[in-house]
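Undergrad: no sequence for this one, just the structure:
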């Protein structure tokens with residue numbers, strides 16, 4: 001499945017800063033992050049990169065998307081997986097449909113090859129949206145299906161970025177942290 005980025009962007013759609021403002025300080029910071037990651041392991045750079053944060057709205061999806069773009073700009077095949085099935089963001093940033101995605105792959109109702117979206121304007125970038133919200137997203141991510149998908153993806157992609165849910169999601173935890 002191939003998807004073109006929308007030409008007229010609404011307020012909810014945000015092009016990656018690494019595309020829209022290629023020469024900006026922010027884009028340069030993502031290229032520096034890429035370089036640091038690629039040099040972080042002796043012998044070979046990490047293939048799987050998991051991005052998370054403590055709470056919502058701390059920029060992990062923005063970071064995951066822009067890091068995926070700068071990795072794809074090296075000429076490598078990159079898969080960006082949106083695993084936040086409660087509040088997915090990657091599909092909103094790119095304006096791609098969320099019909100089926102990771103949740104359907106984990107449930108066994110879709111073949112990942114059929115739901116991964118190729119972003120036409122960013123050669124090498126492939127995105128797996130979160131898909132529909134299942135009743136128990138955490139249990140799906142912890143199921144045996146996720147390691148099986150990872151084995152397949154490791155053979156198909158040079159880099160796999162996983163945009164995860166925040167570690168502390170509930171309002172209870174948020175109010176507890178604010179009181180500290």
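TA: Structure's in. What do you need? As the structure is a prediction and not an experimental result, all values here were calculated from the model. Residues are numbered from 1 along each chain as shown.

Undergrad: Burial check on residue 99, number of neighbours?
TA: Other residues near residue 99 come to 13 when the count uses other Cβ atoms under 10 Å. Where you see a C-beta, it was placed from the backbone N, CA and C, and this is true even at glycine.

Undergrad: So it, which state does it fall into?
TA: Under DSSP: H, G, I helix; E, B strand; the rest coil, residue 99 falls in the coil class.

Undergrad: what does the average pLDDT come to for stretch 29-49?
TA: For stretch 29-49, mean pLDDT rounds to 82.

Undergrad: What is the least confident helix or strand in this protein?
TA: Least confident element among the helices and strands of the chain, by mean pLDDT, DSSP states H and E: helix 171-178 (a mean of 41).

Undergrad: I'd like the distance between residue 124 and residue 26.
TA: Counting by Cβ to Cβ, to the nearest Å, the gap between residue 124 and residue 26 amounts to 21 Å.

Undergrad: what about these two, which has more around it?
TA: Applying other Cβ under 10 Å to residue 124 and residue 26 shows that residue 124 carries more neighbours, namely 20 against 12.

Undergrad: Please tell me I have it right and the more buried one contacts residue 69.
TA: No. Under the criterion of Cβ atoms under 8 Å, residue 124 is not in contact with residue 69, lying 9.3 Å apart.

Undergrad: how about stretch 84-91: buried residues?
TA: Along stretch 84-91, the positions that meet the burial threshold by neighbour count (16 or more other Cβ atoms under 10 Å) are 84-85, 88-91.

Undergrad: what's the answer for stretch 151-165, then?
TA: By 16+ other Cβ under 10 Å, the buried positions in stretch 151-165 come out as 153, 157-165.

Undergrad: Next: stretch 56-72.
TA: Result for stretch 56-72 [16+ other Cβ under 10 Å]: buried residues 56, 60-72.

Undergrad: Same check on stretch 123-132?
TA: Along stretch 123-132, the positions that meet the burial threshold by neighbour count (16+ other Cβ under 10 Å) are 124-131.

Undergrad: can you give me the end-to-end distance of that stretch?
TA: Across stretch 123-132, the terminal residues are separated by 27 Å (Cα to Cα, to the nearest Å).
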